[in-house]
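no FASTA, just this:
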DNA sequence: TTGAAAGCGTTACCAA
DNA sequence: TTGGTAACGCTTTCAA
């Protein structure tokens, strides 16, 4: 990277801004004759002129880059299709619009400190709603548009949120289980999601759903790999069905059942969350709550893009919705069934 | 983003460069007394000063950002753990070093034109390459370090490549199949990978391996979802075993077999490539060539980082290796077995 | 020890 | 239709 716009201008015998006008279509009031324009293009090609993106961004206050903040920054799970789906939704919105996607560690780790608005991004998609005071404060101080995913409506002031209807979502499996005859149901989440906004929202939604249905519900924070399911045999455990926070977690529950020789669904019913392709590959196939991850990510990103546009053209953005809520579905497969006849059916 | 370094300087009653020196440790010859330093830090905090990353990058000619180019990029597959593994390897190298990862569409689509070195990246990791004249030309003109993944050694002049030993890799399944008694074997790839350097390398490696083993080999470019396997019943088809370019593709072959009522491995043996966790979830479990994707990605990225370092400190980089080759493994699971007795065994 | 000035590469504004 | 000048925010160089 050595050829600057001035080199081209000099070689073509014109001014730098003439080059800028011809190559980038910038500066309306600058008119260049077609002959000169052609000359400029020719010289630029010969000199292998490559416009400096940094300088243009600095000058234009527009980077065409979006920052994406993940909650689990340490690694993408090999088995959980959540991240691929999320990225697909984001990319499908971003790339056609000519935007670049950036994943950066500072944002992931110490995002509270306003590092978001260091000029690199036109906007930020926040997939990490854990709501420490710090992180919310960081968002409030942000000078660029921010959109949150997996944040219940109203959880961050003034920040548009894109989230599933967790209350509705958890009624579906609970109703299904109650119809099958279950009376004692557990909702399992891992230590990580215990702390996220959506983890808490789903836990509350689950408790609400079980109360409405008149059955016993309990929220369980487990590491299934280390958990002892021995006493769940023959429905004798505290629950006859478990709803997991994610398909991935449900898969690990299935594996734990296999380890302990527990038959699913005969001795224990298990339900996942996401209804990803993963559910079709397990034995038994996993009953699961369907969540349109890719669509949510896509629409959240589209929303972010339009926020950026209205931000930069000083258009009033109040017409845009502040919270989008998505309905979940429920896909019944093979991992749910009636509780064992031996289960103590104390209601 | 409004507070500039000058605002801070003014408010603290010092010069801009004193602020720069204190906050960024820049400028050796500038010494600031501890009292003033403390004042500057305090003022910066109060004013919520956020250094502009763009301006610093422009000035320092260092962006701390790596571009990742997928030349052939469709979407992150939900089922294929390839992308998560790849990203894990990259991130594990990048984030601890304080680098940002950027995925950008222009690079993906028209990467030939040298858009690589528009100042945004300190280096580029090039994945799934092909070798049109254009793209090689683009690399040659690049003024920043480039490292290629999935490129056979020597395929791009002067560009370090990180690739598995495809020749060795394809001997493993071929030998396994021949030992089981197979005489007619197909290698299946999709339309996308037909065009990539690694797709071609594996096809050639496959043909070589079958020739060495004295059996019939054929390269097949298929869309398994649309392909008719009807005539493969009872080993009567042109091949009694198929090796797929990826686990994902093998999974789709398995699904096609199910559709046509073809029993695997009794009527047809199927082998994948990656030996990902996916192989454990299929029925039957998928025999597969193991490829250390995450490790390759990690080491390629580490290499890129050291290239950047030596580039920027003008150190001679010739000591660094130009090609790294990784051995593959072979995991035998349930999807391979002897060919049907009814198979015509014309050698 | 501190400050002023120049410049990284680009583009908007104004004058010719 | 053109070209000069200034500025985006930062840091290095040189002079005080």
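Structure's in. What do you need? Since this is a predicted model, take the numbers as computed values, not measurements.

what are the bridge partners for the residue nearest the centre of chain A, then?
The centroid of chain A falls nearest to residue A:127 when counting by C-alpha atoms, centre = their mean (4.6 Å). For residue A:127, the beta-bridge partners under DSSP bridges are residue A:70.

neighbours of residue A:47, how many?
Neighbourhood size, residue A:47 [other C-beta atoms under 10 Å in any protein chain shown]: 16. The way it works is simple: take the backbone N, C-alpha and C, and place the C-beta from them, glycine included.

contact partners for it?
Contacts for residue A:47 (C-beta atoms under 8 Å, 6 or more residues apart in numbering or on different chains) come out as A:3, A:7-8, A:11.

before we move on, what about residue A:94?
A:66, A:100-101, A:301, A:305, B:105.

again, only using 7 Å
A:66, A:101, A:301 (C-beta atoms under 7 Å, 6 or more residues apart in numbering or on different chains).

ditto for residue A:277
A:81, B:78-79 are the contacts of residue A:277 under C-beta under 7 Å, 6+ apart.

same thing but at 10 Å, please
By C-beta atoms under 10 Å, 6 or more residues apart in numbering or on different chains, residue A:277 lies in contact with A:81, A:85, A:247, B:77-79, B:251, B:278, B:281.

for residue A:162, same thing?
A:125, A:127, A:147-151, A:153, A:295-301, A:303-304, A:321, A:323-326 are the contacts of residue A:162 under C-beta under 10 Å, 6+ apart.

how many neighbours does residue A:60 have?
Residue A:60: 12 neighbours (other C-beta under 10 Å).

measure it to residue A:119 for me?
Note on residue A:60: its distance to residue A:119, by C-beta to C-beta, to the nearest Å, is 11 Å.

how about residue A:166?
With C-beta to C-beta as the criterion, residue A:166 and residue A:119 are 36 Å apart.

more neighbours, those two?
residue A:166 (26 against 20).

the more buried one and residue A:187 touch, don't they?
No. Residue A:166 is beyond contact range of residue A:187, at 11.3 Å (criterion: C-beta atoms under 10 Å).

which strand or helix spans residue A:49?
In the assignment (DSSP states H and E), residue A:49 maps to no helix and no strand.

got it, and residue A:152?
Counting by DSSP H and E, residue A:152 is found in no helix or strand.

so what's the residue lying closest to it once chain neighbours are set aside scoring on pLDDT?
Excluding the flanking residues, the one nearest residue A:152 by C-beta to C-beta, 6 or more residues apart in numbering or on different chains is residue A:201, at 4.6 Å. Looking at residue A:201, its pLDDT stands at 90.

tell me where the model's unsure across the stretch 101-250 of chain A.
Within the stretch 101-250 of chain A, the ranges that satisfy pLDDT under 70 run A:106-114, A:129-135.

what residues does it have near DNA strand C?
Listed as neighbours of DNA strand C in the stretch 101-250 of chain A under the rule C-beta under 7 Å from any atom of the strand: no residues.

quick one, helices of the stretch 101-250 of chain A?
Using DSSP state H, counting those that start in this stretch, the helices found in the stretch 101-250 of chain A span residues A:105-109, A:133-140, A:166-180, A:191-194, A:197-213, A:247-259.

and chain A, what are its domain boundaries?
A:5-51, A:65-164+A:293-322, A:166-292+A:331-346 (automatic domain parsing).

redo these as JSON lines? Include distance to residue B:115.
Listed next are those as JSON lines, based on distance: least, C-beta to C-beta, whole Å:
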{"stretch": "domain A:5-51", "distance to residue B:115": "7"}
{"stretch": "domain A:65-164+A:293-322", "distance to residue B:115": "11"}
{"stretch": "domain A:166-292+A:331-346", "distance to residue B:115": "34"}
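
shared neighbours, residue A:166 and residue A:187?
Common neighbours of residue A:166 and residue A:187 (C-beta under 10 Å, 6+ apart) are A:202-206, A:209, A:273.

for these, work out which two are farthest apart.
A:204 and A:273 (14.9 Å; C-beta to C-beta).

look up how far residue B:240 lies from residue A:204.
57 Å.

actually residue A:207, not the one I wrote
Note on residue A:207: its distance to residue B:240, by C-beta to C-beta, is 56 Å.

in what helix or strand does residue A:92 lie?
helix A:82-94.

which parts of stretch A:37-55 are buried?
Neighbour-count burial for stretch A:37-55, with 16 or more other C-beta atoms under 10 Å in any protein chain shown as criterion, is recorded at A:37, A:39-41, A:43-44, A:47, A:49-55.

quote the end-to-end distance of it.
From its first residue to its last, stretch A:37-55 covers 22 Å (C-alpha to C-alpha, to the nearest Å).

next one: that stretch to chain centre, how far?
Taking C-alpha atoms, centre = their mean, to the nearest Å, the mean C-alpha location of stretch A:37-55 is offset from the chain mean by 39 Å.

roughly how far apart are the closest residue to DNA strand D within the stretch 101-250 of chain A and DNA strand C?
The stretch 101-250 of chain A approaches DNA strand D most closely through residue A:119 (6.8 Å), counting by C-beta to the nearest atom of the strand. From residue A:119 across to DNA strand C, the span is 12 Å (C-beta to the nearest atom of the strand, to the nearest Å).

ok, now which ones touch that residue?
A:57-58, A:61, A:63, A:143-144, B:1, B:50-57.

what average pLDDT does the helix holding residue A:92 get?
90.

what's the angle from it to helix A:247-259?
Angle, helix A:82-94 to helix A:247-259, by axes from the mean of the first three to the mean of the last three C-alpha atoms, to 10 degrees: 160 degrees.

do stretch A:42-60 and DNA strand D come into contact?
Yes. Judged by C-beta under 7 Å from any atom of the strand, stretch A:42-60 comes into contact with DNA strand D at A:55, A:58-59.

just the ones of the residues you listed in helices?
A:55, A:58-59 (DSSP state H).

ok, residue A:182 touching residue A:343?
Yes. Counting by C-beta under 10 Å, residue A:182 does reach residue A:343; the two are 8.4 Å apart.

on that earlier part again, filter the contacts of residue A:162 down to the buried ones and hand me the PyMOL line.
Selecting only the buried entries of the contacts of residue A:162 in PyMOL, with 16+ other C-beta under 10 Å as the criterion:
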select buried, chain A and resi 125+127+147+148+149+150+151+296+297+298+299+300+301+303+304+324+325+326
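
what about the contacts of residue A:162, which are in strands?
Those of the contacts of residue A:162 mapping onto strands are A:125, A:127, A:147-149, A:323-326, per DSSP state E.

who has more neighbours out of residue A:204 and residue B:240?
Between residue A:204 and residue B:240, counted using other C-beta under 10 Å, residue B:240 has the larger neighbour count: 27 against 16.
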